[in-house]
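1. Pasting the sequence and the predicted coordinates here, then a few questions.
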There are 2 protein chains.
Amino acid sequence: MTSDAAWEPVRRVRTHEQVLAQIQQKILDGTLSAGERLPSERELVNMLGVSRTSVREALRALEAMGIVESRTGSGQDAGSVITATSTPAMTNLLRLHIALARISLSDLVDTRVELERSAARGAASVRTDDDLRHLVELLDQMRSTDSDPYQFNTLDTEFHVSIARISGNALAVDLMQALRGAVEHEMAETFAQLEDWRAAADGLVDEHEAIYRAIEKGSGELAANLVADHITTFYRDRIAGR
Amino acid sequence: MTSDAAWEPVRRVRTHEQVLAQIQQKILDGTLSAGERLPSERELVNMLGVSRTSVREALRALEAMGIVESRTGSGQDAGSVITATSTPAMTNLLRLHIALARISLSDLVDTRVELERSAARGAASVRTDDDLRHLVELLDQMRSTDSDPYQFNTLDTEFHVSIARISGNALAVDLMQALRGAVEHEMAETFAQLEDWRAAADGLVDEHEAIYRAIEKGSGELAANLVADHITTFYRDRIAGR
């Protein structure tokens, strides 16, 4: 007899998990890429030799992960398509993860600060005239949004994400969107509850404008320090102090 | 008649999506937390007034997202439990996202560098004797692992993640694990293909040791610069140059 140590309990891999794994592997190795249509449910049933239920469970899981979009209807337009924008799903999962792992807002703010410092530094060294024009437009819109703190928050997010986009790091853009998205609701609520949110908003626009000017001048370190102060001050005064 | 502009196409929300949304909302508002058991499939069917298929599709989606673990068997131990470790799922989704969004390895390396700089700086200012002992143990193990580049890679990951853990930022720990996990296979493969991987590994351990000494001395900026050099040099010499 061999010793007990040579044996391991068998983990039953359920059929839908095998379907899921095959599709994921084809995405990872590049066989399936964004925008492509998956075979139909019926075709998958035939090719994989599994039940329709297993195929459907795997597809539902991929949809929930934001990897596949299901298009209803019939003919050419119907079926499951590999999504080109998996960021919303990553945002959703990060939000759930933060809730489950009880990650503190302070850890989240610290992480955001590092990503934003790097984005501001990068943007200052490569910004084009078009980039600067886009940031100015956002500043103008932030100044003139007088009715809705939620709309202001959206513009605020877009300002920060644009800086990451200018810096050219696609992963930083996605992570920044996901980190903001994960606490977007709380941020907007906090903001809406301020006695005079418009005065607070004006203060924030002034800070955004200073960051803009540092980026315009190509002063990377200054831009990085200003964006770090801007984020930590807002967190300390508006969120942590509540 | 009202104008056409007042009408919006109705997006059909499928039943399993509504089940999924309810469970996610309960996690986000804290009603359900890590380690808790979900009601059984049958109970969910009764409480929500939906079909067993819809409940099962929602549960499969939550499992694939790593939010819920299904425990097989019967009685007390069976059923779906809210997971306490959603990091592997986030790693998996990040890996798929990087493949789908065609995020470059260079963007990934740049983002890692920022997170690691911050972790090294933080670790240098708060490290305890126990923390330092743990890092020394990892260094010893890295020196003595002579048979397996994959094992070396695991220790290497653990060294970096430990520094983030010492710094105290739980989100940085998770993101670092996810970012490394997303390219783990490629990294280990690259390493295994080196003509003399053990010599390369010794060079890396020397660099790790220098980072360790800076953290031990409490020299945050030095530790941050050393870890940044360590990562970018490896990327430039071993990965980008291939």
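-> Sure, I can see it.

2. how many other residues sit next to A:Ser54?
-> 20 (other CB atoms under 10 Å in any protein chain shown). Where C-beta positions appear, they are placed from N, C-alpha and C, glycine not excepted.

3. need the contact list for A:Pro88.
-> Residues near A:Pro88 by CB atoms under 8 Å, 6 or more residues apart in numbering or on different chains: A:66, A:181.

4. Report the buried residues of the helix or strand containing it.
-> Using DSSP states H and E, A:Pro88 sits in helix A:87-100. By 16 or more other CB atoms under 10 Å in any protein chain shown, the buried positions in helix A:87-100 come out as A:87, A:89-100.

5. and that helix, average pLDDT?
-> For helix A:87-100, mean pLDDT is 84.

6. Excluding sequence neighbours, find me the nearest residue to A:His136.
-> Small correction: residue A:136 is Val, not His. A:Tyr212 (7.2 Å; CB to CB, 6 or more residues apart in numbering or on different chains).

7. Let's check: the centremost residue of chain A is which one?
-> A:Ala178 (2.6 Å; CA atoms, centre = their mean).

8. pretty sure that residue is in contact with A:Ala89, am I right?
-> No: the criterion here is CB atoms under 8 Å, and A:Ala178 misses it with A:Ala89 at 9.5 Å.

9. What ranges does chain A have for its strands?
-> A:68-71, A:79-82 (DSSP state E).

10. Among those, which one carries the weakest average confidence?
-> Among those, strand A:68-71 scores lowest, at a mean of 84.

11. wait, isn't A:Leu138 in contact with A:Phe152?
-> No: A:Leu138 is beyond contact range of A:Phe152, at 11.0 Å (criterion: CB under 8 Å).

12. Show me which of the two is the more surrounded one.
-> Neighbour tally, A:Leu138 and A:Phe152, criterion other CB under 10 Å: the higher count belongs to A:Phe152, 23 against 19.

13. Spit out the contact partners of the residue lying closest to A:Leu93 once chain neighbours are set aside.
-> The shortest distance from A:Leu93 to any non-neighbouring residue, by CB to CB, 6+ apart, is to B:Leu93 (5.5 Å). By CB under 8 Å, 6+ apart, the contact list for B:Leu93 reads A:65-66, A:86, A:89-90, A:93, B:65.

14. from the residues you listed, which two are the most distant?
-> Taking CB to CB as the measure, the contacts of B:Leu93 span a maximum distance of 12.6 Å, between A:Ser86 and B:Met65.

15. What count of nearby residues applies to the nearest residue to A:Ala120 once chain neighbours are set aside?
-> Once flanking residues are discounted, A:Ala120 sits nearest to A:Ala223: 4.0 Å by CB to CB, 6+ apart. A:Ala223 has 29 neighbours, counted by other CB under 10 Å.

16. Quick check: A:Ala223 touching A:Ile215?
-> Yes: using CB under 8 Å, A:Ala223 is in contact with A:Ile215, at 5.0 Å.

17. quick one on the thing from earlier: mean neighbour count and distance to chain B added to the strands of chain A, as CSV?
-> Listed next are those as CSV, based on neighbours: other CB atoms under 10 Å in any protein chain shown; distance: least, CB to the nearest CB, whole Å:
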stretch, mean neighbour count, distance to chain B
strand A:68-71, 16, 9
strand A:79-82, 20, 7
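
18. could those strands be laid out in TSV, adding distance to A:Val109?
-> Supplementary listing: the strands of chain A in TSV, determined by distance: least, CB to CB, whole Å:
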stretch	distance to A:Val109
strand A:68-71	33
strand A:79-82	34
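
19. A:Ala172: which of the ones you listed is closest?
-> Within the strands of chain A, the stretch nearest A:Ala172 is strand A:79-82; the backing value is 23.5 Å (CB to CB).

20. other SSEs contacting that closest one?
-> Strand A:79-82 sits against helix A:52-64, strand A:68-71, with contacts defined as 3 or more CB pairs under 8 Å, 6 or more residues apart in numbering or on different chains; DSSP states H and E.

21. rerun at 6 Å
-> strand A:68-71 (3 or more CB pairs under 6 Å, 6 or more residues apart in numbering or on different chains; DSSP states H and E).

22. ok, which residues in chain A are in contact with chain B?
-> Residues of chain A that fall close to chain B, judged by CB under 6 Å from any CB of the partner chain: A:27-28, A:34, A:57, A:60-61, A:64-65, A:67, A:86, A:90, A:93, A:96-97, A:99-100, A:103, A:107-108, A:110-111, A:114, A:118, A:169-172.

23. for chain A, what are the low-confidence residue spans?
-> Residues of chain A meeting the criterion pLDDT under 70: A:1-5, A:72-78, A:147, A:239-242.

24. count of neighbours near A:Leu38?
-> 19.

25. which non-adjacent residue is nearest A:Arg52?
-> Using CB to CB, 6+ apart, the nearest residue to A:Arg52 is A:Val45, at 5.4 Å.

26. do A:Gly66 as well
-> A:Ala89 (2.1 Å).

27. Same question for A:Arg95.
-> With CB to CB, 6+ apart as the criterion, A:Arg95 has its nearest non-adjacent residue at 4.1 Å, and that residue is A:Ala182.

28. go on, A:Arg56?
-> For A:Arg56, ignoring the flanking residues on the chain, the nearest one in space by CB to CB, 6+ apart is A:Glu41 at 6.4 Å.

29. can you pull the contacts of A:Leu62?
-> By CB atoms under 6 Å, 6 or more residues apart in numbering or on different chains, the contact set of A:Leu62 is A:Val68.
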